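Undergrad: Can you look at this prediction? I've put the sequence above it.
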Amino acid sequence: MSVVNDERPVMLELRDVCLSYHSKRSTFEHGTHHVLDGVSMELQEGETLGIIGKNGCGKTTILRIMAGILAPSRGAIRQRAGASSALLTIGLGFKPQLSGRDNAILSAMLQGSSLQQAESYLSDIKEFSELGDSFEEPVKTYSAGMKSRLGFTTALMTHVDIMLIDEVLSVGDAHFKQKAEAALKERMGGNQTVVFVSHMGPQIHQLCDRAIWLNEGKIAAQGDAPDVLDAYNEFIRSIKNGKR
Amino acid sequence: MSPEIAEYTDSELPAAVLRRLRVATLTPKTICMKITQYFNLVDVQARMALKADASKYFLGYIWWLLEPLLFVGVFYVVFNVILDARRADFLVFLMCGKLPFVWFSKSVTQASNSIVANAGLIGRIDIPKSLFPMAVIQEGLYKQAAVFVLLLAVLLAYDYPPSWVWLWLLPIMAINYLLIMGCSFLGAILVCVQRDFGMLIPLGMVFLMFTSGIFWDVRTLGDQQMTDLILTTNPLAFLLDAYRQVLMYGRVPDIPLLLMVALGCGLLVVFANYALRRGSKYLALKALTA
């Protein structure tokens, strides 16, 4: 089922990656959680890979491993030397008392920009997020939609070799959603390598060349996005019909 | 720090080797840029936290001075008005000890919780975990600068003559800062690995408050052996006494002991920073899941 194009160089490879951890249940009692179980996959330069699965299937964890935030308990990761990767999520540590401007500076710096670079992004961020004068107001006065607009825009400003995206398009009004999708598509269309996580099939279908379906920490299917989505949808239907 | 990180079973290029490869590509210039970037980020985070904090309260920035002064006020009422401290200079004596102690205790307590408190951010970016305690420590330093100016003003108002010996304040404050860093890093690691330590840190601060000679004088215990024991085993008691020797009596602090404390604090910082770097991913997992 794999459609690996061997001409493209590999950016990132996971081989037999497992992640499990101990967690507290009650006094003196521990339980072990297995989040990922023997996941092997490759990410090629310039491709957009979608990861789909139910809540709790390990989607976010696999992104965290790719971003170098977590180390696998077992297995190996190969990443091209010097390639940078970042996980983009909306609302990166927003401080509600600070203005949109200050939060944008902080977010950009946390994602690796220098203070000067962060300040140079500000006018673009203000314009794209359409916050207007609210940009100077504390974030605690923002509506949920305004927060997500600011969050998405600051995330979009980072420049990394591998962009890891965790459900960014799930909020915001219809107009901004379209604009955000268009901006993302533009980034993805270039030579940007992207991993895109979602529990919504249509988004993966629209944006991704290749997809992986994760189920209970294991890869259930991988290959061309439409094929994987068909298998996933079939599975969801079978749950709804109570066959499983 | 944990077998979970070290256990790479197969592959010609395990992550540990890759990490080494990546380090090898760093030039002195990029290392300098990384370090500047790190300290800029610490500075911006600290200043933004101060701004956010000030906007929360009606009295805003006034709290920087008001809070430590209220601490001094409470101690003054208890130990001078109620218990009679029997010394004319008690207010200045108390301020020289209490103000640096509040700096230490507030910074370390808050920094110890900083990694756990930033779990949301840790789940999204791979950043050095020392950044979180450092931002808290830097925030404390900015506040403390204002407090020290106030302390010097009080000394002048009470006719303590300024002298060149006061310049010893700079190394003493620097060592105090190192002690805060070392204890904060260690505390942040412990609380992240096992939340239970979070219960012990405030208790430890109460213990230090009673044993570091804040409202009593280490030098007038009447038992020279006990004085020496406290000054050599409790670096905080030594530093608080050094502040008093310099500011109140114009005496140079015990230099060999000062150097020993500096060395000890420096080693603690290096060791704890190494642990924070080495165990970065383990700490991230702990912060996210424990």
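TA: Right, received. Where do you want to start?

Undergrad: Local confidence estimate at the residue lying closest to B:Cys183 once chain neighbours are set aside?
TA: Of all residues beyond its chain neighbours, the one nearest B:Cys183 is B:Val108 (4.7 Å), with distances taken as CB to CB, 6 or more residues apart in numbering or on different chains. Where C-beta positions appear, they are placed from N, C-alpha and C, glycine not excepted. On pLDDT, B:Val108 comes in at 96.

Undergrad: quick one: B:Val108 and B:Gly182 touch, right?
TA: No - B:Val108 is not in contact with B:Gly182 according to CB atoms under 8 Å; the separation is 9.4 Å.

Undergrad: Look at these two and report which has more neighbours.
TA: Set B:Val108 next to B:Gly182 and count neighbours by other CB atoms under 10 Å in any protein chain shown: B:Val108 wins out with 27 against 22.

Undergrad: Tell me the secondary structure at A:Leu12.
TA: Three-state call for A:Leu12 (DSSP: H, G, I helix; E, B strand; the rest coil): strand.

Undergrad: hmm, back to that, what sits against the residue nearest to B:Cys183?
TA: Shown in contact with B:Val108 (CB atoms under 8 Å, 6 or more residues apart in numbering or on different chains): B:180, B:183-184, B:187, B:201, B:205.

Undergrad: Excluding chain neighbours, what is closest to B:Ser193?
TA: To be clear, residue B:193 is Val; Ser isn't right here. B:Lys286 (5.7 Å).

Undergrad: any idea how far the one you found lies from B:Leu190?
TA: 11 Å (CB to CB, to the nearest Å).

Undergrad: Could you check how far the residue in the stretch 51-200 of chain B that chain A sits nearest to is from B:Tyr249?
TA: Per CB to the nearest CB, B:Ala52 is where the stretch 51-200 of chain B lies closest to chain A, at 3.8 Å. To B:Tyr249, B:Ala52 is 41 Å away according to CB to CB.

Undergrad: Counting neighbours, go ahead and name the busier of the two.
TA: The neighbour comparison of B:Ala52 against B:Tyr249 (other CB under 10 Å) goes to B:Ala52, with 19 against 9.

Undergrad: ok now do that one, which residues does it touch?
TA: Taking CB under 8 Å, 6+ apart, one finds A:95-98 in contact with B:Ala52.

Undergrad: where does chain B have low pLDDT?
TA: B:1-26 (pLDDT under 70).

Undergrad: Mind doing that once more with 90?
TA: Within chain B, the stretches with pLDDT under 90 are B:1-38, B:49, B:51-91, B:118-127, B:158-163, B:213-224, B:226-227, B:250, B:288-290.

Undergrad: So the residue nearest the centre of it: helix, strand or coil?
TA: Ranked by distance to the mean C-alpha position of chain B (CA atoms, centre = their mean), the top residue is B:Ile180 at 2.0 Å. Secondary structure, three-state DSSP: B:Ile180 is helix.

Undergrad: ok, now which ones touch it?
TA: Per CB under 8 Å, 6+ apart, neighbours of B:Ile180: B:103-104, B:107-108, B:111, B:137, B:140.

Undergrad: If you tally nearby residues, what's the number for A:Lys218?
TA: Each residue near A:Lys218 was counted by other CB under 10 Å, and the total is 15.

Undergrad: does the closest residue to it other than its chain neighbours sit in a helix, a strand or a coil?
TA: Distances taken as CB to CB, 6+ apart place A:Asp37 nearest to A:Lys218, at 5.3 Å, with adjacent residues excluded. Secondary structure, three-state DSSP: A:Asp37 is strand.

Undergrad: Identify the residues contacting A:Asp37.
TA: Per CB under 8 Å, 6+ apart, neighbours of A:Asp37: A:18, A:216-218.

Undergrad: out of the residues you listed, which are buried?
TA: A:18, A:217 (16 or more other CB atoms under 10 Å in any protein chain shown).

Undergrad: on that earlier part again, and the contacts of B:Ile180, which are buried?
TA: Buried residues within those, counting neighbours by 16+ other CB under 10 Å: B:103-104, B:107-108, B:111, B:137, B:140.

Undergrad: Would you mind measuring from the residue nearest to A:Lys218 to chain B?
TA: A:Asp37 sits 14 Å away from chain B when distances are taken as CB to the nearest CB, to the nearest Å.

Undergrad: ranges for the helices of the chain?
TA: In the absence of a named chain, chain A is used. A:59-66, A:100-110, A:115-129, A:144-156, A:174-189, A:201-207, A:225-240 (DSSP state H).

Undergrad: Actually, chain B is the one I wanted.
TA: Going by DSSP H, chain B shows helices at B:3-6, B:15-24, B:28-56, B:63-76, B:90-112, B:114-117, B:119-122, B:131-157, B:169-193, B:197-211, B:224-233, B:235-249, B:255-278, B:280-289.

Undergrad: can you redo these as a markdown table with distance to A:Ala144?
TA: Shown next, in a markdown table, are the helices of chain B (distance: least, CB to CB, whole Å):
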| stretch | distance to A:Ala144 |
| --- | --- |
| helix B:3-6 | 37 |
| helix B:15-24 | 38 |
| helix B:28-56 | 20 |
| helix B:63-76 | 31 |
| helix B:90-112 | 30 |
| helix B:114-117 | 23 |
| helix B:119-122 | 16 |
| helix B:131-157 | 27 |
| helix B:169-193 | 30 |
| helix B:197-211 | 32 |
| helix B:224-233 | 54 |
| helix B:235-249 | 46 |
| helix B:255-278 | 35 |
| helix B:280-289 | 24 |
